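Colleague: Dropping a prediction and its sequence here:
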Amino acid sequence: MNKKYLRHIQTLFVVLPMTLIMAFVGIARNYGFVEDWGYKLIHSWTAMVPVAYITAFFIIPFAKKLAERVAARP
């Protein structure tokens, strides 16, 4: 596989389970396990994934720089 796409695939594999967990917690807290909670979960998750995926590409480089600064301090 081309290493050019590795970063995109790794980000996707992080974003998918994290947004699923976040959507599940949000639905459970706000609605409980009502009759259509599964539909609400999928509906919420499909809205969260693209937003989180795009946002991750802005946050990851900033977080990397911040972590390097913190780790470089004596």
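Modeller: Everything's here; your move. Residues are numbered from 1 along each chain as shown.

Colleague: mind checking how far stretch 49-62 is from the chain centre?
Modeller: 8 Å (C-alpha atoms, centre = their mean, to the nearest Å).

Colleague: Not counting its own residues, what contacts it?
Modeller: The contact list for stretch 49-62, computed with C-beta atoms under 8 Å, 6 or more residues apart in numbering, reads T11, L12, V14, V15, L16, M18, T19. C-beta coordinates here come from the backbone N, C-alpha and C atoms, glycine included.

Colleague: List just the nearest of these to Y31.
Modeller: Set against Y31, the nearest of the contacts of stretch 49-62 by C-beta to C-beta is T19 (17.4 Å).

Colleague: sorry, back to before: want to throw the contacts of stretch 49-62 into JSON lines with secondary structure?
Modeller: Supplementary listing: the contacts of stretch 49-62 in JSON lines, determined by DSSP: H, G, I helix; E, B strand; the rest coil:
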{"residue": "T11", "secondary structure": "helix"}
{"residue": "L12", "secondary structure": "helix"}
{"residue": "V14", "secondary structure": "helix"}
{"residue": "V15", "secondary structure": "helix"}
{"residue": "L16", "secondary structure": "helix"}
{"residue": "M18", "secondary structure": "helix"}
{"residue": "T19", "secondary structure": "helix"}
